[in-house]
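In: Quick one, what's the 3D model for this:
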Amino acid sequence: MPNMPGKKPRILCLDDEPENLQLRLTFLEQFGCEVTMVTDAHACLHAATRESFDLVLLDYHLGGEMTGEDVAHDLRSREVRMPLVIWTGDPTIPESAKRSVDAILSKGNSSPTELLDVIQNLLPGFALIPPRKPIGREAPVRTGRKAGPGAVSA
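Out: The predicted structure is shown next:
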């Protein structure tokens, strides 16, 4: 899909840990991205081949036998034409994994601003919002209300 000035990038995020997905959702939405989250390789491949995304953000270790590298190879073999980024906590991923994607970020060492920089470099021309203050360092906002049964957080 060609880059369009002012368009929000659509990002597909794959991580087998829902807490990590929620953190990525927070960062990406603050950057002005539209985000779809999936928790397994099959759902990622299904979404990427049936919907239109501008970038895929992959975890490397997926809890099963597949890795982010495997998903990247499967996406490329299906002629999915969009940048692929692995964001992992494993500093020892193989060189073949690094070659299978357009960028690698380290969960422990890369800041949200670095994620924004990678997205801006891979998707020039898209409308992204730089953070006004450090992301992830703010104190939680307390509203005095408790979520009731059935409450869902985004």
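
In: How many residues are close by Arg24?
Out: A count of nearby residues for Arg24, using other Cβ atoms under 10 Å, gives 23. To be clear about C-beta, it is placed using only N, CA and C from the backbone, and glycine gets the same treatment.

In: these two touch, right, it and Leu57?
Out: Yes: distance between Arg24 and Leu57: 6.5 Å, which falls inside the contact criterion (Cβ atoms under 8 Å).

In: give the contact list for Lys107.
Out: With contact set as Cβ atoms under 8 Å, 6 or more residues apart in numbering, Lys107 has these partners: 20, 87-89.

In: mind redoing it with 10 Å?
Out: Counting by Cβ atoms under 10 Å, 6 or more residues apart in numbering, Lys107 touches 15, 20, 23-24, 59-60, 87-91.

In: ditto for Val35
Out: With contacts taken as Cβ under 10 Å, 6+ apart, Val35 has the following neighbours: 8-13, 21, 24-29, 53, 57, 154.

In: Most neighbours among those, which one is it?
Out: With neighbours defined as other Cβ under 10 Å, the most crowded of the contacts of Val35 is Leu57; it has 29 neighbours.

In: Report the spatially nearest residue to it, omitting neighbours in sequence.
Out: What sits nearest to Leu57 in space, not counting adjacent residues and going by Cβ to Cβ, 6 or more residues apart in numbering, is Cys13, at 4.7 Å.

In: part of a strand, is that neighbour?
Out: Yes: under the criterion used here (DSSP: H, G, I helix; E, B strand; the rest coil), Cys13 sits inside a strand.
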